[in-house]
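structure, please.
(2 chains)
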There are 2 protein chains.
Amino acid sequence: MSVSSNSGAGLRAAVIGLGSMGFGMAQSLRRAGFHVTGCDVVAANVDRLVAEGGHAAANPAEAARGADVVVCVVVNADQTEQVLFGPSGAVEGMAEGAVFLSSATMDPQIARRLADRLEATGRLYLDAPISGGAAKAAQGQLTILASGTAAAFAKARPALDAMAGKLYELGDAAGTGAAFKMVNQLLAGVHIAAACEAMAFAAKQGLDLAKVYEVITASAGNSWMFENRVPHILAGDYRPLSAVEIFVKDLGIIQDMARSARYPVPVAAAALQMYLATAGAGMGRDDDSSLARTYAALSGAALPDAVTPKA
Amino acid sequence: MSVSSNSGAGLRAAVIGLGSMGFGMAQSLRRAGFHVTGCDVVAANVDRLVAEGGHAAANPAEAARGADVVVCVVVNADQTEQVLFGPSGAVEGMAEGAVFLSSATMDPQIARRLADRLEATGRLYLDAPISGGAAKAAQGQLTILASGTAAAFAKARPALDAMAGKLYELGDAAGTGAAFKMVNQLLAGVHIAAACEAMAFAAKQGLDLAKVYEVITASAGNSWMFENRVPHILAGDYRPLSAVEIFVKDLGIIQDMARSARYPVPVAAAALQMYLATAGAGMGRDDDSSLARTYAALSGAALPDAVTPKA
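Coordinates of the predicted model:
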């Protein structure tokens, strides 16, 4: 949607959190004509934005001052709450009628609570978790699972156009976008664990793993995650494209939501144990395909040699 | 591969087991020019084959007499062993040099044992589990995961050409085809359980389930099984395209293989419990998407009304 769009001309955006996702989203906003101010706890990330024509702020309040849209791309609900309501939080800088676009994956109940609290001050909140990785963030081709009031959508529209390749409008209440994202994460987290369980099982049976990949990707056992992650195992390349700790967090949120709702998730719970074991063994910051190494360590299965150190 | 092929002209095939898969495979063999003789414990299945120009046999020995290839499409390893070596078993009728093509999903160790025992008598054994469903069986478009000696492949080739849309040749030892099939079944069984866990979780969260299907099938949480099975849940249609009991069996084989190999499969083990619970609740012969009904029953989640009775 962002291709040759100039939807942000004359508009100001703040981007809080300039990691691989947030930095790419800032680039997409700049390309659409937004004046972009960023802040991040890592100074080098801010310098990088400035080098590309963005502007630096010392904290969320300063970044948010005068912004039409504040895009928050931090790790979790706690950080989002700090960004909004902590010391020098965004709410102190935001004008009335400006919109806060919250992209961290979180429990839908917390998204609703943050939205209620912000909207009570006269600002708008859009629940807008994202999917697609750093490359798609930089290309303005993210999938965005958004929900919020009509006013929040209207105010956020130019920024959404700049950042999204696919925008799902999922309802008028904050929390619905977050809930859709959690359903996706339940499946994605289980599928990665299943892919690792199956590949090390195949190795333990002495099968040709490249052939297994060829057969499974053409069969009913395939998943998006199997197709995407198993090449890391075949290459022995565990450099983090998405770290084990992400699913420690996201399947942890699933467990909390499910326990609170009195809903059993035995399959996701089993998968979470393998993420925990892999992080516990020192691979939390490695690629999530590292679960295969845990299965191998627990069974003596021989995987292709790792080309990168374990941790 | 079977399209307008006539590779079976002048050859004789026996098909043991004329259920939905075996009957379709018999049709594909007939279309390729084979003289086909079938047998099944259900007389009506044999009558149906005869009505289409096939021939009837009272038992495997009689069906196998004079056959170049004996295709065995029964439910499991026990039945396969009975077909081969039980009273009036195929081995009594098979000529030396004829090939037994074994398609039931089973533990690779058992496949190897059956192959050794048969080949000691001068007959050939091809380990050839199948994937693809009844429609593809009838169209000669199955995926076949085959392994066996060069002699077994050579003798089976015209029948494989008649039945397979995609033929994987996975090595010269029986058991390898079976092992590939089990890796696929591990993933397929987990993915169905995950799809059901996620959809009933979405229902419990009050989400629009058709929208969840739309979003997930376009996202990283997608799997072949999610895409294929969730429409059954959305339609409330649990008539068996593939029954719960199939994965009770196949994930059971995985557990046995894994326990024997000292390999932990926590995710597949959790999935198996949900198949067992669903079968135990009386839905063993219903579609495997019925796991969603188990999650709903355990949590109060509201799924679309079933258009078919529970059992």
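
check which helix or strand covers the residue nearest to residue A:69 when sequence neighbours are not counted.
In space, and not counting its chain neighbours, residue A:69 is closest to residue A:159: 4.5 Å by C-beta to C-beta, 6 or more residues apart in numbering or on different chains. Quick note: C-beta positions are derived from backbone N, CA and C, even for glycine. In this assignment (DSSP states H and E), residue A:159 forms part of helix A:150-163.

check residue A:125 too.
Using DSSP H and E, residue A:125 maps to strand A:124-127.

quick one: contacts of that strand?
Strand A:124-127 is contacted from outside by A:97-102, A:108, A:111, A:114-115, A:118-119, A:146-149, A:151-153, A:155-156, A:174-178, using C-beta atoms under 8 Å, 6 or more residues apart in numbering or on different chains.

let's see 7 Å
A:97-102, A:111, A:114-115, A:118-119, A:146-149, A:151-153, A:155-156, A:174-178 (C-beta atoms under 7 Å, 6 or more residues apart in numbering or on different chains).

please apply the same query to stretch A:99-106.
A:69-77, A:79-80, A:84, A:90, A:94, A:111, A:114, A:118, A:123-130, A:152, A:155-156, A:159, A:178, A:181, A:185, A:250, A:253.

out of these, list just those in helices.
A:77, A:79-80, A:84, A:90, A:111, A:114, A:118, A:152, A:155-156, A:159, A:178, A:181, A:185, A:250, A:253 (DSSP state H).

if any of the residues you listed are buried, put those into a PyMOL selection.
Selection of buried members from the ones in helices among the contacts of stretch A:99-106 for PyMOL, criterion 16 or more other C-beta atoms under 10 Å in any protein chain shown:
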select buried, chain A and resi 77+79+80+84+90+111+114+118+152+155+156+159+178+181+185+250+253
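
related to what we said a few turns ago, what about the strand holding residue A:125, average pLDDT?
Average pLDDT, strand A:124-127: 98.

got the contact list for the nearest residue to residue A:45 once chain neighbours are set aside?
Nearest residue to residue A:45 in three dimensions, chain neighbours excluded: residue A:18, at 3.9 Å (C-beta to C-beta, 6+ apart). With contact set as C-beta under 7 Å, 6+ apart, residue A:18 has these partners: A:26, A:38, A:40, A:45, A:46, A:49.

now the stretch 1-150 of chain A against chain B: closest residue?
Residue nearest to chain B within the stretch 1-150 of chain A: residue A:131 (5.7 Å; C-beta to the nearest C-beta).

hmm, that residue is touching residue A:143, no?
Yes. The pair residue A:131 / residue A:143 is scored as a contact, 4.4 Å apart, by C-beta atoms under 7 Å.

shared neighbours of those two, anything?
Shared contacts of residue A:131 and residue A:143, counting by C-beta under 7 Å, 6+ apart, come down to residue B:219.

please enumerate the strands of chain A.
Assigned strands in chain A, in chain order: A:12-16, A:35-39, A:55-56, A:69-72, A:99-102, A:124-127, A:130-131, A:142-146, A:164-169 (criterion: DSSP state E).

quick one: strands adjacent to the fourth one?
In the sheet, strand A:69-72 lines up against strand A:12-16 (parallel), strand A:99-102 (parallel) (DSSP bridges).

same question for the third one.
As defined by DSSP bridges, the strand partners of strand A:55-56 come to strand A:35-39 (parallel).

average pLDDT across the partner strand?
On average, strand A:35-39 scores 98.

ok now it, how far from the chain's centre?
20 Å (C-alpha atoms, centre = their mean, to the nearest Å).

what of stretch A:152-166?
17 Å.

quick one: mean pLDDT for it?
On average, stretch A:152-166 scores 98.

let's see it as PDB, backbone CA atoms only.
Backbone C-alpha positions of stretch A:152-166 (Å, rounded to 0.1, in the frame of the first residue of the first chain) are rendered in PDB as follows:
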ATOM      1  CA  ALA A 152      -8.600   6.100  16.000                       C
ATOM      2  CA  PHE A 153      -8.600   4.400  12.600                       C
ATOM      3  CA  ALA A 154      -9.300   7.700  10.800                       C
ATOM      4  CA  LYS A 155      -6.400   9.500  12.600                       C
ATOM      5  CA  ALA A 156      -4.000   6.500  12.100                       C
ATOM      6  CA  ARG A 157      -5.000   5.900   8.400                       C
ATOM      7  CA  PRO A 158      -2.000   7.700   6.800                       C
ATOM      8  CA  ALA A 159       0.500   5.800   9.000                       C
ATOM      9  CA  LEU A 160      -1.300   2.500   8.400                       C
ATOM     10  CA  ASP A 161      -1.200   3.100   4.700                       C
ATOM     11  CA  ALA A 162       2.600   3.800   5.000                       C
ATOM     12  CA  MET A 163       3.400   0.700   7.000                       C
ATOM     13  CA  ALA A 164       0.900  -2.100   6.000                       C
ATOM     14  CA  GLY A 165       0.900  -4.400   3.000                       C
ATOM     15  CA  LYS A 166      -2.200  -6.000   4.500                       C
END
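
need the residues that contact it.
In contact with stretch A:152-166 (C-beta under 7 Å, 6+ apart) are residues A:1-2, A:5, A:7-8, A:11, A:13, A:25, A:28-29, A:32, A:34, A:68-69, A:71, A:97, A:99, A:101, A:124-126, A:136, A:140-144, A:146, A:167, A:169, B:218.

try it again with 8 Å
Contacts for stretch A:152-166 (C-beta under 8 Å, 6+ apart): A:1-2, A:5, A:7-8, A:11, A:13, A:25, A:28-29, A:31-32, A:34, A:68-69, A:71, A:97-99, A:101, A:124-126, A:128, A:130, A:132, A:136-137, A:139-144, A:146, A:148, A:167, A:169, B:218.

helices along the stretch 151-300 of chain A, start to end?
A:176-204, A:209-217, A:224-235, A:244-261, A:266-278, A:291-299 (DSSP state H, counting those that start in this stretch).

output these as CSV; include the columns mean pLDDT.
Formatted as CSV, the helices of the stretch 151-300 of chain A follow (pLDDT from 0 to 100):
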stretch, mean pLDDT
helix A:176-204, 98
helix A:209-217, 97
helix A:224-235, 98
helix A:244-261, 97
helix A:266-278, 98
helix A:291-299, 98
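
tell me the most buried of those helices?
Sort the helices of the stretch 151-300 of chain A by mean neighbour count, taking mean count of other C-beta atoms under 10 Å in any protein chain shown, and helix A:176-204 sits at the top with a mean of 28.

helix A:266-278 and that helix, what's the angle between them?
70 degrees (axes from the mean of the first three to the mean of the last three C-alpha atoms, to 10 degrees).

distance from helix A:176-204 to the middle of the chain?
Using C-alpha atoms, centre = their mean, the offset of helix A:176-204 from its chain centre is 15 Å.

domain assignment for chain A?
A:12-173, A:179-299 (automatic domain parsing).

who touches the closest residue to residue A:82 other than its chain neighbours in this structure?
Spatial nearest neighbour of residue A:82, excluding adjacent residues (C-beta to C-beta, 6+ apart): residue A:89 at 7.0 Å. Neighbouring residues of residue A:89 by C-beta under 8 Å, 6+ apart: A:60, A:61, A:82, A:83.
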